[in-house]
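**Student:** give the three-dimensional model of this entry:
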Amino acid sequence: MTSTNPFPGGVSAVELGTEGWEKPWSGTNGGSCVEAKRLPDGSVAFRQSKDPDGPALVYSRDEMVAFLAGAKSGQADFLVA
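**Tutor:** Presented below is the predicted three-dimensional model:
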């Protein structure tokens, strides 16, 4: 079976609707914001605010808990070093 998903590793943000997207940490970066949306099953979707019809990556609640704990403890600092 051939995949028709144009966003490998994600879903179309359009499929997730327009309501509920938030910019939890926007700043003075010229509009390059990450938007997040909590989904009914507890997972979280992320999309680029400049491309609201583009891809969204979806992470489970457990994945988000692990990521946030790691980020808080400095394990993600290498991403912006």
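**Student:** so W25 touches E35, yeah?
**Tutor:** No. The pair W25 / E35 is not scored as a contact, 10.2 Å apart, by C-beta atoms under 8 Å. From N, CA and C alone the C-beta is placed, and that goes for glycine too.
**Student:** who has more neighbours, the two?
**Tutor:** Per other C-beta atoms under 10 Å, whichever of W25 and E35 has more neighbours is E35, with 19 against 9.
**Student:** show the subsequent helix or strand relative to the least confident helix or strand in the chain by mean pLDDT.
**Tutor:** Lowest by mean pLDDT, DSSP states H and E among the helices and strands of the chain is strand 11-12, with a mean of 88. Scanning forward in sequence from strand 11-12 by DSSP states H and E, the next helix or strand is strand 34-38.
**Student:** buried sites along that following strand?
**Tutor:** 35-37 (16 or more other C-beta atoms under 10 Å).
**Student:** what about A69, which SS state?
**Tutor:** Recorded secondary structure, A69: helix (DSSP: H, G, I helix; E, B strand; the rest coil).
**Student:** can you tell me the centre-most residue of the protein?
**Tutor:** Computing the C-alpha centroid of the chain and ranking residues by C-alpha atoms, centre = their mean puts F46 first, at 1.5 Å.
**Student:** what sits opposite it in the beta ladder?
**Tutor:** Beta-bridge partners recorded for F46 (DSSP bridges): A36, L57.
**Student:** residue contacts, it?
**Tutor:** Contact analysis of F46 by C-beta atoms under 8 Å, 6 or more residues apart in numbering lists 34-37, 56-59.
**Student:** ok, it to K23 distance?
**Tutor:** Per C-beta to C-beta, to the nearest Å, F46 is found 11 Å from K23.
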